[in-house]
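Chemist: give me the fold of what follows.
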Amino acid sequence: MVRHTIPGVTAPWRTVLAGILALAFSLPNPAAAPPASAAGPEGQLTWAVHVSLAPAWFDPADTPSLITPFMILPALHDALIKPMPGKPMAPSLAQSWSQSKDGTTYEFVLRKGVKFHNGDPLTAEDVKFSFERYRGSAAKLFKDNVIDIEVVDPHRIRFRLKQPWPDFMTFFGTPAAGIAWIVPKKYLQQVGDEGFKRAPVGAGPYKFVSFKPGVELVLEAFEEYWRKAPSVKRLVLRVVPDESTRLAMLKRGEADISYSLRAALAEEVRRTPGLKLAAVVIPASFWIDFVEQWDSKSPWHDRRVRLAANLAIDRNAINQAETLGFSKVHANFIPHTFEYYWSAPPYPHDPARARKLLAEAGYPNGFDAGEYNCDSSYANLGEAVVNDLQAVGIRVRLRPAERAAFFQQYREKKLKNLVQASSGAFGNAATRIEAYATRGGLYTYGTHPEIDGLFSEQLRETNPRARKAILEKIQQIVHERVMYAPIWDLGFLSGVGPRVAESGMGLISGHPYSAPYEDLKLKKP
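Modeler: Numbering: from 1, shown residues only. So this is what the prediction gives:
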């Protein structure tokens, strides 16, 4: 086994990786429990959350290619490797890891003394069990590439690959997937999958107390958490779909942090004494997926129609109106911060040319385009896009749905016409392409054979320059064939109240939510 650099992580993280890996391979074993704080956890932090919380997000095995479950997972659970402040892949439940010279074996050394919330010790058997039951994002990639998992001893586990896979750690050690987040084997076998969703047990800094669907999730500090005992006793995540209500709760002190406040409401946070606007630009790309482009009878099968839709959208105006200019407008469905990102030529706002293209395609008077499907928490973005499309003759009806239901329908390929797609999952260009543009991808309705061929080629390419060229070629094909209408990388705006000493917003680069939860603090009375 050798020390090495891990290819395939987001570009801004490259500069710190060498130091991180040196730490990962030489970190001493903190077997002893960390000293508890003198006072112990105290007080309560309350969030007004913009989406309805789904029990599927309590179980790492179901992690989709989205960032939303990572609002909850870092509280309830812990991973072998995960992002931490200043460290894109930090040792966590694994105190160190190593890779063989030929790139086909990865070995992880687990921390000793780590316990799940129910008192069960965490061992390599739990790691193997968690991997084998995983069915979320990139599950097929892992199952196709990992040929054996060997429990060397209770605190050491070894993964053997069929051949070198440069992105193994990108998928494994970041929120590109949830496969490195560990659940207790014994408890889960006792209660089953559904029982686990009703009463999840993890190894994270907070333990489950109660969940009322559509109302709130309550968590309590787990004082035996290996890293340190949290300073806040209780966390309450309240479901508040209405944006103005989230702001009102923040102003009245009923919420300490209100997620996703936009437009005039975000400006009001700025103007209100005692409140703070937290703005985090995250790798959450938004784009329109023309899911019927693969149907030769659909207007969207015509590239000119898809190009017209791109030219109809005034992205800069929507950015200023909705996210105060914080979002990053660009012409790729890959986040601009990701490694192997290709900077596509921007789409200008050109309604006149859009109408001309529609006429050339046989729609001089426009056409009825059916429904524009979107996550209801971003219906305001959908509304703005729908208005721009209708202005050039593409007549669509906004169809918002609650987030969990929306993405389930998207994943099951049940949505029609237009889909406002989005993903804030971590990773690099390959991880995003895998989920949304390859045959068998979690959200892929269709693709081109060239993309599948190039993707398979880059999977085994160990030369970073060669991989970059292949992944850029895929992005060029996507752009040239106008497979999508990219909108932006989201500027996620939230409000923070006066009781909060540390909100955790922005502590982990690219993460939109409060984290790490054990680092959150309330101001002293």
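Chemist: which helices and strands sit right next to the helix or strand hosting D388?
Modeler: Take DSSP states H and E as the rule and D388 turns out to sit in helix 379-391. The contact analysis (3 or more Cβ pairs under 8 Å, 6 or more residues apart in numbering; DSSP states H and E) places helix 379-391 against helix 303-312, helix 315-323, strand 367-375, strand 394-401, strand 418-423. For the C-beta atoms, the positions are set from N, CA and C on the backbone; glycine is no exception.
Chemist: that helix vs strand 367-375, what angle?
Modeler: 170 degrees (axes from the mean of the first three to the mean of the last three Cα atoms, to 10 degrees).
Chemist: residues touching helix 379-391, excluding its own?
Modeler: 243, 262-263, 286, 288, 309, 312-314, 318, 321-322, 351, 369, 372, 374, 395-398, 400, 420, 487 (Cβ atoms under 8 Å, 6 or more residues apart in numbering).
Chemist: and if you look at stretch 245-258?
Modeler: Applying Cβ under 8 Å, 6+ apart, the set of residues contacting stretch 245-258 is 45-48, 50, 238, 240, 259-261, 265, 268-269, 272, 275, 494-500, 503, 505, 514, 522.
Chemist: can you get me the start-to-end distance on it?
Modeler: Using Cα to Cα, to the nearest Å, one end of stretch 245-258 lies 10 Å from the other.
Chemist: buried set for that stretch?
Modeler: 246-251, 254-258 (16 or more other Cβ atoms under 10 Å).
Chemist: restricted to strands, list the residues you listed.
Modeler: Mapping these onto strands (DSSP state E) picks out 257-258.
Chemist: can you add distance to R481 and give the buried residues of stretch 245-258 back as a markdown table?
Modeler: Formatted as a markdown table, those follow (distance: Cβ to Cβ, whole Å):
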| residue | distance to R481 |
| --- | --- |
| R246 | 40 |
| L247 | 42 |
| A248 | 46 |
| M249 | 45 |
| L250 | 44 |
| K251 | 48 |
| E254 | 49 |
| A255 | 45 |
| D256 | 47 |
| I257 | 42 |
| S258 | 40 |
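Chemist: that's a helix at E434, yeah?
Modeler: Yes - counting by DSSP: H, G, I helix; E, B strand; the rest coil, one finds E434 located in a helix.
Chemist: right, and it touches G441 too?
Modeler: Yes - between E434 and G441 there is a contact under Cβ atoms under 8 Å: 5.9 Å.
Chemist: looking at these two, which one has more neighbours?
Modeler: A direct count of neighbours by other Cβ atoms under 10 Å for E434 and G441 places E434 higher, at 25 against 22.
Chemist: using the three-state scheme, assign D295.
Modeler: With three-state DSSP as the criterion, D295 reads coil.
Chemist: surely L442 is within a strand?
Modeler: No - assignment of L442 by three-state DSSP gives coil, placing it outside any strand.
Chemist: biggest strand in this structure, by residue count?
Modeler: strand 276-290.
Chemist: now the angle from it to helix 303-312?
Modeler: Interaxial angle of strand 276-290 relative to helix 303-312 (the same axes, to 10 degrees): 160 degrees.
Chemist: show me what the helix or strand encompassing T170 is packed against.
Modeler: If you go by DSSP H and E, T170 is part of helix 168-173. Judged by 3+ Cβ pairs under 8 Å, 6+ apart, helix 168-173 is in contact with strand 81-84, strand 105-110, helix 139-145, helix 429-436.
Chemist: can you say which of these is nearest to W181?
Modeler: Checking the helices and strands packed on helix 168-173 against W181 by Cβ to Cβ gives strand 81-84 as the closest, at 7.9 Å.
Chemist: same for the helix or strand just after the closest one, what does it pack against?
Modeler: The element immediately downstream of strand 81-84 (helix or strand, assigned by DSSP H and E) is strand 87-91. Packing partners of strand 87-91 (3+ Cβ pairs under 8 Å, 6+ apart): helix 14-26, strand 81-84.
Chemist: mean pLDDT for the ones you listed: which is lowest?
Modeler: When the helices and strands packed on strand 87-91 are compared on mean pLDDT, helix 14-26 scores lowest, with a mean of 38.
Chemist: need the nearest residue in space to Q420, chain neighbours excluded.
Modeler: C374 (3.8 Å; Cβ to Cβ, 6 or more residues apart in numbering).
Chemist: count of neighbours near that neighbour?
Modeler: C374 - counted by other Cβ under 10 Å - has 28 other residues nearby.
Chemist: might you report the residue contacts of P64?
Modeler: Contact analysis of P64 by Cβ under 8 Å, 6+ apart lists 136-137, 407, 411, 442.
Chemist: could you do G214 as well?
Modeler: 52, 239.
Chemist: list the helices and strands the helix or strand hosting E267 packs on?
Modeler: When elements are defined using DSSP H and E, E267 is found to belong to helix 263-271. Counting contacts by 3+ Cβ pairs under 8 Å, 6+ apart, helix 263-271 packs against helix 243-252, strand 276-290, helix 315-323, strand 484-496.
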